[in-house]
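Q: Output the structure for:
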Amino acid sequence: MDKYRVTLTEEERGELQQLVSAGKAAARKLTHARILLLADTAPERGHSDEQIAEALDVGLRSIARVRQRFVTEGIEAAVNRSPQPPRPDKIKIKGDIEQRLVHLACCDPPQGRCRWTLQLLAEELVVLGLVESLSTETVRQALKETTSSRGSSRPGASHPTPTPSTSGGWRT
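A: Reported below is the predicted structural model:
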């Protein structure tokens, strides 16, 4: 017994059929529209989740999610992709910590090292007590976002050296 039964009105069915027949939409949107069309429980229409999964090459869990979103939130929510929520708590390096990281990266490395590595920078920020833990990938992304560069006013690690022009006149 299905927990969420999809029953489309003629208007909804027509809208979904038009969307699928046009084929000018994101693949996920078209797949969700096809799931709803096949899951419609109107007489002589309904298919089982297993039949839908086999026909559309999707998982049973995807079908269940589309059914649930249709019943609880409506056709628009079931067909369209929901936006990802912002994750400000995931950003560990910002503000003062980012400034301190850039300052560390630009100063001389620790004794016995010729340069700062991402691992050394991450460990140093933990030792200073600025963060509890930090991965090298987080450090890399934070440094990549900054426009600081040692020895140049332009961002980037290496710059091409200017080449003399060969189109100029002869020097005597």
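
Q: Return the helix or strand in the chain with minimum mean pLDDT.
A: helix 136-145 (a mean of 86; mean pLDDT, DSSP states H and E).

Q: buried ones in that one?
A: Of all the residues in helix 136-145, those buried under the rule 16 or more other C-beta atoms under 10 Å are 138-139, 142-143. Where C-beta positions appear, they are placed from N, C-alpha and C, glycine not excepted.

Q: which stretches of this structure form helices?
A: Secondary structure of the chain (DSSP state H): helices at 10-22, 27-39, 49-56, 60-73, 75-79, 96-106, 118-127, 136-145.

Q: counting contacts, what elements does the first one pack onto?
A: Under the contact criterion of 3 or more C-beta pairs under 8 Å, 6 or more residues apart in numbering; DSSP states H and E, helix 10-22 touches helix 27-39, helix 75-79.

Q: Deepest in the core, which of those is it.
A: Of all those, helix 27-39 has the most neighbours on average by mean count of other C-beta atoms under 10 Å, namely a mean of 20.

Q: For that helix, what is the distance to the chain centroid?
A: Computed by C-alpha atoms, centre = their mean, to the nearest Å, the chain-centroid distance of helix 27-39 equals 23 Å.

Q: quick one: the residue nearest to the spatial centre of the chain and K90, what's the gap?
A: The centroid of the chain falls nearest to Q84 when counting by C-alpha atoms, centre = their mean (8.5 Å). With distances taken as C-beta to C-beta, to the nearest Å, Q84 is found 11 Å from K90.
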